[in-house]
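J.: how would this look folded up:
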Amino acid sequence: MTDNGDEQLQTTTSTAARRYFELGVIVVAAGAIYPLLYLRQNFEVSILESFGITLTQLSQCYAMLGVIFVVTYLPSGWLTDRVSPRVLLTFSLATTGLLGLWFSTMPSFAMLQVIFAGWGITTGLTFWSAHIKAVTLLADSKEQGRFFGILDGGRGLFEALLATIAVAWFAYAIESQGDSTRQALLEVIYLYVAVLLTLAPVVYIALDDLKPDNEEQATGTHLKSDKSHFLTDLKSILKNPEIWLCATIIICGYQLFWATYSFSGYLQNTFGMTAVAVGSITVAKLWMRPIGAAAAGFAGDFFDRQHVLTILLVLASASLASIAFLPDIAGAFLVLGIVLLIGLLTYAVRGVFWSTLDSCNVPNRIKGLAIGVISLVGYSPDIYLPLLNSALLEAYPGRTGYAIYFVGLSVMGLFGALAAWQLGRRIRAR
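T.: Here you go, the predicted structure:
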């Protein structure tokens with residue numbers, strides 16, 4: 001009996017260790033694939049100078065990227081229910097890195113749009129739903145909060161590590177080596193590309209073919225049945241009110257996060273900070289992600305997830321609104337403190353909002369499809385927020401445009417808090 005018990009405990013421990021190892025691989029992949037796309041977060045002004053484009057043109061690239069994301073979210077979920085996440089993640093890392101090599105040539109605006117369109121496919125269609133579903137299958141129902149917290153927090157930790165190296169190298173290249181902004185930015189791009197191309201084979205080797213262990217698998221009969229019931233499955237997802245509440249939480253929380261992409265330009269243009277100073281502050285904000293996301297994820301498992309989300313969304317909304325009213329003469333430490341607080345809270349929201357999917361009663365067989373539907377709604381700000389941001393700054397140049405933008409998104413965050421409260425109420429009643 002003792003030997004059998006010890007053997008069972010050893011097997012369970014081994015399985016848990018393997019699950020956390022695979023989670024770690026997915027975390028690193030997710031942390032490596034997006035920073036190249038969103039290089040503007042730390043180097044917006046430098047990108048405009050080096051590529052010879054305007055803020056409106058850059059915003060158009062991001063708006064197109066958002067359109068492709070939204071268009072591919074649903075097929076991404078469908079694809080994830082049929083192709084191994086290991087294959088999809090490997091393909092995504094490799095092709096994103098190859099497109100990054102093209103990006104490093106700093107091509108014309110027309111070619112830049114093609115690159116962003118390609119990134120939309122490699123990080124939207126083939127990556128997004130695959131990495132979320134992989135995590136839902138790795139975690140059991142009592143671990144969803146911490147696994148997604150570790151996913152977003154660990155991803156943020158890796159992003160922050162890469163960004164710290166990138167900004168430090170950027171500053172060294174300009175201040176010590178005397179390189180031009182264009183050359184320093186080129187070296188930063190090479191750094192991100194090298195990481196992506198190195199990780200692609202590592203992910204393929206390290207990950208298993210994750211499949212639901214409690215539902216029919218992809219036999220010929222199952223595939224035929226699944227295809228014939230696609231519309232029925234989609235209809236059942238669309239008729240689930242909890243899916244819509246989950247999507248509302250994500251779209252509102254994601255808008256709060258999107259506001260932080262404008263901090264670089266806001267601080268540099270409003271407070272007269274240098275590119276290096278702004279890069280240092282925005283990188284410091286990135287270090288809040290592992291803290292906020294992981295803490296929120298564990299809190300969501302130990303307490304009510306929806307209740308935790310409600311509180312976080314209210315606090316994040318209030319903190320974002322506050323940065324709009326900072327005086328022009330605010331000291332660097334005050335600005336840094338506000339930025340770090342906003343980062344901590346918005347990352348905490350991101351760390352826990354996907355764990356609400358586990359409460360929506362969606363079978364694993366069609367969980368990828370549900371992820372696609374929720375993402376279609378939840379990440380639609382990728383389309384309109386870049387255009388809204390540039391339009392506001394053109395209509396109300398300087399501080400006023402930023403203030404309207406930040407306060408408006410803060411109000412949306414409060415709607416997300418209301419949705420989280422309502423979702424929690426429905427789940428408790430059920």
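
J.: Pull the number of nearby residues for the residue nearest to G265 when sequence neighbours are not counted.
T.: Using CB to CB, 6 or more residues apart in numbering and skipping residues adjacent in sequence, the residue nearest G265 is E44, 5.1 Å away. In short, each C-beta sits where N, CA and C put it, glycine included. Around E44 sit 25 other residues, with neighbours defined as other CB atoms under 10 Å.

J.: can you list contacts of the helix or strand hosting E44?
T.: Element membership for E44 (DSSP states H and E) is helix 40-51. For helix 40-51, contacts defined as CB atoms under 8 Å, 6 or more residues apart in numbering pick out 35, 39, 53-55, 58, 62, 106, 109, 112, 163, 166-167, 170, 181-182, 184-186, 188, 260-261, 263-265, 268, 275, 278-279, 282-283.

J.: Stretch 141-156 now?
T.: Residues external to stretch 141-156 that are found in contact with it (CB under 8 Å, 6+ apart): 23-24, 26-28, 30-31, 131, 135-136, 138-139, 286-301, 305, 347, 350-352, 354-355, 357-358.

J.: quick one on the thing from earlier: only the buried subset of the contacts of helix 40-51, as a PyMOL command please.
T.: Taking 16 or more other CB atoms under 10 Å as the burial criterion, the selection of buried members of the contacts of helix 40-51 in PyMOL is written as:
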select buried, resi 35+39+53+55+58+62+106+112+163+166+167+170+181+184+185+186+188+260+261+263+264+265+268+275+278+279+282+283
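
J.: Sort out which of the contacts of helix 40-51 are in strands and list them.
T.: Judged by DSSP state E, strands contain none of the contacts of helix 40-51.

J.: how long is stretch 371-384 from one end to the other?
T.: End-to-end span of stretch 371-384 (CA to CA, to the nearest Å): 21 Å.

J.: Run the chain-centre distance for that stretch.
T.: With CA atoms, centre = their mean, to the nearest Å as the basis, stretch 371-384 stands 12 Å off its chain's centre.

J.: pLDDT of it, averaged?
T.: Average pLDDT, stretch 371-384: 86.

J.: Could I get the contacting residues of A294?
T.: Contacts of A294 were listed using CB under 8 Å, 6+ apart, and they are 146, 149-150, 153-154, 351.

J.: at 7 Å what do you get?
T.: 149-150, 153, 351 (CB atoms under 7 Å, 6 or more residues apart in numbering).

J.: Figure out how far the helix holding E44 is from the centre of its chain.
T.: For helix 40-51, the distance from its own C-alpha centre to the chain's C-alpha centre is 20 Å (CA atoms, centre = their mean).

J.: now do stretch 289-302
T.: Put simply, stretch 289-302 sits 15 Å off its chain's centre (CA atoms, centre = their mean).

J.: in that stretch, what's buried?
T.: If you call a residue buried by 16+ other CB under 10 Å, then stretch 289-302 has these buried ones: 289-301.

J.: Just the closest of those to E242, please.
T.: Looking at the buried residues of stretch 289-302 and their distance to E242, the nearest is G300, at 16.1 Å (CB to CB).

J.: Can you give me the neighbour number for the residue lying closest to that closest one once chain neighbours are set aside?
T.: Leaving out its chain neighbours, the residue that sits closest to G300 by CB to CB, 6+ apart is G145, at 3.4 Å. Other residues within reach of G145, judged by other CB under 10 Å, total 25.

J.: Also L340?
T.: Other residues lying near L340 total 18 when counted by other CB under 10 Å.

J.: Over to K235?
T.: A count of neighbours around K235, defined by other CB under 10 Å, yields 11.

J.: Whichever strand or helix holds it: which residues count as buried?
T.: K235 belongs to helix 230-238 when assigned by DSSP H and E. Taking 16+ other CB under 10 Å as the basis for neighbour counts, the residues of helix 230-238 that come out buried are 233-234, 236-237.

J.: And for it, what's in contact with it?
T.: When contacts are defined by CB under 7 Å, 6+ apart, helix 230-238 is touched by residues 243, 362, 366, 369-370, 373.
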